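Engineer: Please find the sequence and the predicted model below.
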Amino acid sequence: MRIFFFLILLSSISGFAQKTLNGYVYSSKDSTVLEAVSIYFDGTTLGTITNSSGAYSIPIQERIESSLVISMLGYAPVYVSNYLNTNGQIAPIYLTENTEELSAVHIENDDWSRKKKLNVFRKEFLGNSLQALECKILNEDDLKLHYSKSNKQLTAWSDVPLVIENKHLGYLVNYTLTDFQVNYEKSIETGFTYVHQVYTEGFTFFKELKKKTKRKFTVNRQKSYLGSTLHFLRSLSQEQLTENRFKIYYKSFEVDPYSRFKLQKENSSMHVELTADKLSILYNNEEQSFIQAQAPFIIDAFGNHSPASALSTGGVMSLKRFAYMLPLDYKFRQD
């Protein structure tokens, strides 16, 4: 069984009217103001930077629930999720400089070459598709990789955000990689080792690659959205699975779309609990996927689920990796 987890770490809060968040960012070393610090809502295109006084002001879209990320090269990022009762004023943020030390200690020798590990990372992170060939990690040298033979596991990490150019969807993405694992298993029948599970966690910020969005990007984004995990979760939250061409199967039999879900609406969010260990999903009578839930989860108004680790996918949904990844504030428009 091949399972893929591709997670954007987000914190869930209640919805509120549109306003702005304001604050200041300083250095924890000497309390001096920090200019050009990136301030953004995780997983979206919504961001700004601090000015010469270390101040920022960022508008909040209605019902947004992403963590606010404060990030600058050379400093450890800070994540703010509890901004509901701040009246728009965030307490001063103090960033701590990164120290030059080993990010991880590995006692076991690594007998894989960097080239081999990079090839695996590109395939399992960006994807193994023609679309993935249009994606490039611009600062690949910042990526650190280690293979453990005893654990049959490849891990990856980076002290700075990965900068990824996606010429398929037209985005330049900053990806703060917090966890990446490729776990292998050995087949009893054939003796071959294969990828059993891929786990990825990270914070993302999307920017338009071009000032004017090309027609090609618009079309590719629409195609990427249809049948995706984001499309499915939005449809489930809005109880529009049938209308959006999703069918649910349990143990090879088609079932009522909502018979294996416990759904409870609360404001703009949907609380979800699976009553089955595994459900198959068929989109548009063509694309087959499956989902498994390790715990109940919440789907917000953007279609994001939390906690991120509660849900895993397989099949077509899992194969669509980073090359197909859209920001959470993406709005699908049918031509």
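Structural biologist: Yes, it's here.
Engineer: what comes up buried for whichever strand or helix holds K223?
Structural biologist: Element membership of K223, judged by DSSP states H and E, is helix 215-225. Within helix 215-225, the residues that count as buried by 16 or more other CB atoms under 10 Å are F217, N220, R221, S224, Y225. (Each C-beta comes from the backbone N, C-alpha and C, glycine too.)
Engineer: Just to check, Y83 is in contact with I93?
Structural biologist: No. Assessed by CB atoms under 8 Å, Y83 is found out of contact with I93, at 11.7 Å.
Engineer: May I see the buried residues of stretch 267-277?
Structural biologist: Of the residues in stretch 267-277, those with enough neighbours to count as buried (16+ other CB under 10 Å) are S268, S269, M270, V272, L274.
Engineer: Is it possible to get a markdown table of the residues you listed that adds pLDDT and distance to N98?
Structural biologist: A markdown table is the format used below for the buried residues of stretch 267-277 (pLDDT from 0 to 100; distance: CB to CB, whole Å):
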| residue | pLDDT | distance to N98 |
| --- | --- | --- |
| S268 | 81 | 37 |
| S269 | 88 | 35 |
| M270 | 94 | 39 |
| V272 | 96 | 38 |
| L274 | 95 | 40 |
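Engineer: Show only the entries of those found in strands.
Structural biologist: Counting by DSSP state E, the part of the buried residues of stretch 267-277 found in strands is S269, M270, V272, L274.
Engineer: got a list of what the residue nearest to the last one when sequence neighbours are not counted touches?
Structural biologist: Using CB to CB, 6 or more residues apart in numbering and skipping residues adjacent in sequence, the residue nearest L274 is A293, 4.2 Å away. By CB atoms under 8 Å, 6 or more residues apart in numbering, A293 lies in contact with V272, E273, L274, A310, L311, S312.
Engineer: And the furthest pair within these?
Structural biologist: The largest separation in the contacts of A293, counting by CB to CB, is between E273 and S312 at 15.3 Å.
Engineer: any idea how far the nearest residue to F297 once chain neighbours are set aside is from D42?
Structural biologist: In this structure, F297 finds its nearest non-sequential neighbour in A310, 4.0 Å apart by CB to CB, 6+ apart. The spacing between A310 and D42, counted by CB to CB, to the nearest Å, is 17 Å.
Engineer: Compare neighbour counts for the two and give me the winner.
Structural biologist: Per other CB atoms under 10 Å, whichever of A310 and D42 has more neighbours is D42, with 25 against 18.
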